[in-house]
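1. predicted model and sequence below, questions to follow.
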Amino acid sequence: IMFNLLSKVQSRRSVSQLFNIKNITYNLRQSNHIIPIYKTSNFRNFNSKSSRTEWKKWFNNNYQYIGFGTGTIGVVILCSSVVALSVLSEEEDESSQIKPGELITNLPGYKTSEVCLHNKIPSIWVTYKHGVYDVTDYINSHPGGSKILLAAGRSVEPFWGLYASHHKQQIYKILEQHRIGNLLDYEADDADKIQDVYINEPSRSPILITNSKKPFNAETPLRLLSDDFYTPNDIFFIRNHLPVPVIDERSYVLTVRGVDGSSRSYKLDDLKSEFQRREIDSTMQCAGNRRDDMSLIREVKGLPWKGGAIGNARWTGVYLVDVLSSLGVDISRELDSPRHVEFIGLDIDSTSDEHYAASIPAEIALDPRSDILLAYEMNGEPLPRDHGFPLRIIAPGIVGARSVKWLSEIRIIDDESQSFWQQRDYKTFSPSIDWNSINFSDSDSIQESPIVSTICEPGEGEPLTHGDISTIRGYSYSGAGRPVVRVDVSGDGGESWNVAELEDPSRRGARRRRWAWTLWEADIEVVNEIVCKAVDSSCNVQPDSSNGIWNVRGLLTNSWHRVKPIIIHKD
């Protein structure tokens with residue numbers, strides 16, 4: 001079986017290319033040839049999300065140690081099974097690959113001049129390469145909302161160049177379902193003429209785990225997160241919605257607008273010289289952190305963050321309330337108003353000329369105890385480009401989406417920001433809501449983060465010896481300045497619990513203003529599955545599963561975190 005399969009594989013590519021062979025470990029113990037098998041979540045041979053999810057669920061329930069009289073036979077049988085599944089899956093994937101926009105000879109043809117006439121409701125057409133598509137019926141289901149109308153009557157290629165996450169088989173399938181014809185005057189060279197808006201991106205550490213390249217999004221390996229209270233700048237997670245702008249500090253200007261129409265512009269040196277320098281320790285967390293866990297319940301839309309879309313830093317800058325007070329804003333009066341404070345960045349969607357923007361309610365943003373910062377340093381250094389150079393908002397205790405980077409303008413407005421990222425994203429919904437029934441206006445924008453904790457080490461599938469005491473490390477965090485008061489850790493899947501030792505919290509900020517995470521450690525015996533859960537000062541505790549908090553965007557995943565190691569028995 002093995003030889004037949006290998007000969008079939010070698011006709012196309014090597015076994016090591018079918019799956020990540022480095023992540024499969026065989027520990028042939030001389031005494032009884034026990035083979036611990038790493039979970040198949042490490043395999044890379046499956047391309048569809050559903051296949052990977054099915055693998056994870058199956059192997060979570062069935063992985064075990066396989067003991068054979070002869071270790072070699074065991075490896076051959078195991079490899080035969082894996083390679084067989086790999087070959088079958090690959091053949092299925094290759095035969096079902098969708099190549100959008102290819103010329104289909106039996107379809108009618110249209111000229112660009114005809115397509116451009118279908119640029120508004122009730123008839124919306126778009127093109128992609130040779131393809132012409134009627135997407136009128138898809139508009140309400142589009143996760144990006146009305147942004148799809150920007151391509152009405154023309155090609156979607158410039159937009160997909162900006163949002164490269166569209167280049168997936170799932171998206172191609174949806175597009176081809178709306179195919180109505182061929183574009184007669186399509187020229188392949190036109191695609192090459194589209195300027196790459198990501199050409200001036202900064203360099204990044206290869207240590208980061210990349211989830212998307214355009215725009216660039218990457219997380220910190222979990223094992224590194226628990227090493228230090230302050231996450232080093234070069235491995236701090238990166239969440240970009242758009243290309244990173246190129247900004248010259250010498251010409252940079254921040255515009256601040258008050259409620260009465262007054263405004264003032266500041267250079268970076270003006271802020272540094274006119275206002276008191278402030279420092280705060282604050283954790284930044286993407287609202288989608290641990291989305292990958294929620295996707296195991298049902299499919300969600302968004303980047304597959306594991307647990308590394310979080311980091312902690314010492315931020316240096318000036319307080320927002322100090323700047324607004326100097327402009328004559330009555331802080332105490334505005335605290336009781338329904339207004340919002342909006343922050344606008346210099347990062348721009350080149351297809352619509354919309355800048356990234358977000359807002360925070362005035363009752364939070366203008367409260368001096370909220371410690372909202374206009375930051376220009378991160379861990380004692382000027383902000384890196386990926387993290388907002390030369391100036392960004394740091395909104396402690398609030399999801400990262402509101403801490404706008406590359407800050408260009410601050411203004412007090414009567415209602416919350418009308419930006420896409422405030423109105424059509426970063427909202428949660430009932431588990432009963434899907435993309436066919438979603439209405440973003442029915443849900444409030446996310447602001448403060450819920451209680452969360454995550455196991456950083458040991459990692460998934462790591463071998464631990466039965467009966468030995470293992471050290472478990474991780475992080476915990478709660479929004480709105482609520483300190484974490486306890487972390488419970490279990491080594492038997494939640495049947496019994498041990499209280500973890502918290503990093504000394506006494507020097508990390510006053511009660512109700514604890515903006516930084518709490519690292520924790522526990523020495524326990526691991527029987528099967530490691531689980532952790534945290535409790536904050538308001539007795540908020542994590543739910544035991546994601547079933548009740550599931551939402552179509554996979555946001556605010558904070559269920560118990562679970563890790564399944566490989567348990568090696570001494571005998």
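-> Nice, I can see it.
2. and the residue nearest to Ile394 when sequence neighbours are not counted, how close does it get to Glu279?
-> Once flanking residues are discounted, Ile394 sits nearest to Leu373: 4.2 Å by CB to CB, 6 or more residues apart in numbering. (Each C-beta comes from the backbone N, C-alpha and C, glycine too.) Distance of Leu373 to Glu279, computed by CB to CB, to the nearest Å: 9 Å.
3. rewinding a little: for the residue nearest to Ile394, give me its contacts.
-> Neighbour list for Leu373: 278, 280, 282, 315, 317-320, 393-394, 396 [criterion: CB atoms under 8 Å, 6 or more residues apart in numbering].
4. that older thread, any common contacting residues for Leu373 and Glu279?
-> What both Leu373 and Glu279 touch, as defined by CB under 8 Å, 6+ apart, is the set Trp315.
5. thinking again about what came up before, just give me the closest of the contacts of Leu373 to Pro143.
-> Here the nearest of these to Pro143, counting by CB to CB, is Ile393; it sits at 25.8 Å.
6. which SSE is the closest one in?
-> For Ile393, the host element (DSSP states H and E) is strand 392-394.
7. where does His355 land on pLDDT?
-> Looking at His355, its pLDDT reads 97.
8. before we move on, what about Gly380?
-> Looking at Gly380, its pLDDT stands at 98.
9. repeat that for Val82.
-> At Val82, pLDDT is 46.
10. Trp542 and Ala534 touch, don't they?
-> Not Trp; residue 542 is Gln. Yes: using CB atoms under 8 Å, Gln542 is in contact with Ala534, at 6.1 Å.
11. which one's more surrounded, the two?
-> Applying other CB atoms under 10 Å to Gln542 and Ala534 shows that Ala534 carries more neighbours, namely 29 against 24.
12. pull the contacting residues for the more buried one.
-> 451-453, 476-478, 484, 486-488, 541-542.
13. need the max-distance pair from those residues.
-> Greatest spatial distance in these: Tyr477 and Asp488, 15.4 Å, computed using CB to CB.
14. about what we covered before: so which of the contacts of Ala534 is the closest to Pro338?
-> Using CB to CB, these come closest to Pro338 at Ser478, 26.1 Å.
15. how close does Ile247 get to His241?
-> For Ile247, the distance to His241 (CB to CB) stands at 17 Å.
16. over to Leu327?
-> Taking CB to CB as the measure, Leu327 falls 28 Å from His241.
17. one more: Arg179?
-> Distance, Arg179 to His241, by CB to CB: 30 Å.
18. same thing with Leu271?
-> Separation of Leu271 from His241 (CB to CB) stands at 25 Å.
19. of these two, which one has the most company?
-> Neighbours per residue, other CB under 10 Å: of Leu271 and His241, the larger number sits with Leu271, 20 against 16.
20. helix, strand or coil for the more buried one?
-> Secondary structure, DSSP: H, G, I helix; E, B strand; the rest coil: Leu271 is helix.
21. beta partners of the residue lying closest to it once chain neighbours are set aside?
-> Nearest residue to Leu271 in three dimensions, chain neighbours excluded: Val318, at 5.4 Å (CB to CB, 6+ apart). For Val318, the beta-bridge partners under DSSP bridges are Leu374.
22. now do Val318, the pLDDT please.
-> For Val318, the pLDDT comes out at 98.
23. ok, it - contacts?
-> Contacts for Val318 (CB under 8 Å, 6+ apart) come out as 271-272, 275-278, 373-374.
24. and these, which two are the farthest apart?
-> Going by CB to CB, the pair spanning the contacts of Val318 furthest: Lys272 and Leu373, at 13.1 Å.
25. could you list the low-pLDDT ranges of the stretch 401-550 of the chain?
-> Scanning the stretch 401-550 of the chain for pLDDT under 70 picks out the ranges 504-511.
26. how about the helices in it?
-> In the stretch 401-550 of the chain, the segments counted as helices under DSSP state H, counting those that start in this stretch are 420-423.
27. same check, this time on the stretch 201-350 of the chain
-> Using DSSP H, counting those that start in this stretch, helices in the stretch 201-350 of the chain cover 222-225, 268-274, 291-294, 320-326, 331-334.
28. related to what we said a few turns ago, can you tell me which of the contacts of Leu373 are buried?
-> Buried members of these, scored by 16 or more other CB atoms under 10 Å, are 280, 282, 315, 317-320, 393-394, 396.
29. for those residues, which one is nearest Gly131?
-> Ile393 (41.6 Å).
30. how about the closest one, what does it touch?
-> 320, 343, 372-375, 402-405, 407.
31. most neighbours among those residues, please name it.
-> Val404 (31 neighbours).
32. quick one, phi psi at Val259?
-> phi -80, psi -20 (degrees, to the nearest 10).
33. wait, doesn't it sit right on His340?
-> No: using CB under 8 Å, Val259 is not in contact with His340, being 11.5 Å away.
34. chain center to stretch 564-571: distance?
-> 32 Å (CA atoms, centre = their mean, to the nearest Å).
35. I'd like the average pLDDT over it.
-> 89.
36. ok, now stretch 140-155?
-> Here the average pLDDT along stretch 140-155 is 77.
37. for that stretch, buried residues please.
-> 147-155.
38. of those, closest to Thr220?
-> Ranked by distance to Thr220 (CB to CB), the buried residues of stretch 140-155 are led by Lys147 at 29.9 Å.
39. quick one: Ile567 is in a strand?
-> Yes: counting by three-state DSSP, Ile567 is found in a strand.
40. okay, now it: neighbour count?
-> Neighbours of Ile567 (other CB under 10 Å): 18.
41. averaged pLDDT, stretch 249-264. What do you get?
-> Mean predicted confidence for stretch 249-264 is 93.
42. measure it end to end?
-> Start and end residues of stretch 249-264 are separated by 18 Å (CA to CA, to the nearest Å).
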